[in-house]
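> I'll drop the sequence and a predicted model, then ask my questions.
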Amino acid sequence: MLFGNNGASSSAISAPERLSDYVQYGDASVFDEDDRGQENADRQRDWDSRSTQRLAAAYDDAGALVRTYSDDSVENRFALEAVRAPSPNLYAPYSDAEYLRLDRPVEEVRVFGEVSCSINNTSPDLSAVVACQRGDEELTVRITRVGGDLLQDPEQVAELVDIAWRELS
């Protein structure tokens, strides 16, 4: 294993073809229906590739991966980010829920097993996942840019992080 700064490994990371019921964005069956859909899928692949380069650079050229996944209808989607390096824990700025007369703070970190999720509580009955992450000294796995109904289900996003963790570690 090759190591750069801060113990980061430059070993490549390969994207799983599936994460639970989710496929890599371009493999969603909806894209088989027309050329424009395939153009969108190709564009997302390019953006993921460029994002992978940026993530690696942010971690001193550590092995990295950014890949967008979706369900077959592309109604629910997310970005998987993985890097062969440690990352700081997620954090949420302080807000006084009681003073603001809210049930929960405006932003918070909830923990589901080994996964931490940054949550934005936009209203009393609506919470949105900002990011969920699991990491150790050698690997960080994170899901960001969550869309669709999945956005409001941090426990399910945390489960997807655990699935990716098992695939990549």
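Here it is on my side, so go on.

> Now do the residue most central in space within the chain against residue 120, distance only.
Nearest residue to the geometric centre of the chain (Cα atoms, centre = their mean): residue 143, 1.1 Å. From residue 143 across to residue 120, the span is 15 Å (Cβ to Cβ, to the nearest Å). (Each C-beta comes from the backbone N, C-alpha and C, glycine too.)

> which non-adjacent residue is nearest residue 155?
Spatial nearest neighbour of residue 155, excluding adjacent residues (Cβ to Cβ, 6 or more residues apart in numbering): residue 112 at 5.6 Å.

> So which residues of this protein form helices?
Under the criterion DSSP state H, helices of the chain are mapped to 35-58, 154-168.

> Turn those into TSV, including mean pLDDT.
Formatted as TSV, the helices of the chain follow (pLDDT from 0 to 100):
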stretch	mean pLDDT
helix 35-58	93
helix 154-168	97
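
> And the strands in the protein?
Counting by DSSP state E, the chain has strands at residues 18-19, 22-24, 64-70, 77-83, 107-112, 115-123, 126-135, 140-147.

> Give the other helices and strands that the fifth one contacts.
This points to strand 107-112. strand 115-123, helix 154-168 (3 or more Cβ pairs under 8 Å, 6 or more residues apart in numbering; DSSP states H and E).

> Recalculate using a threshold of 6 Å.
strand 115-123 (3 or more Cβ pairs under 6 Å, 6 or more residues apart in numbering; DSSP states H and E).

> about what we covered before: which residues does the residue nearest to residue 155 bridge with?
Per DSSP bridges, the residues bridged to residue 112 are residue 115.

> What is the neighbour count of it?
Residue 112 is flanked by 17 other residues according to other Cβ atoms under 10 Å.

> And the one 3 residues further on, by the same measure?
Counted by other Cβ under 10 Å, the residues lying close to residue 115 total 24.

> And it, how close does it get to residue 59?
Distance from residue 115 to residue 59, counting by Cβ to Cβ: 20 Å.
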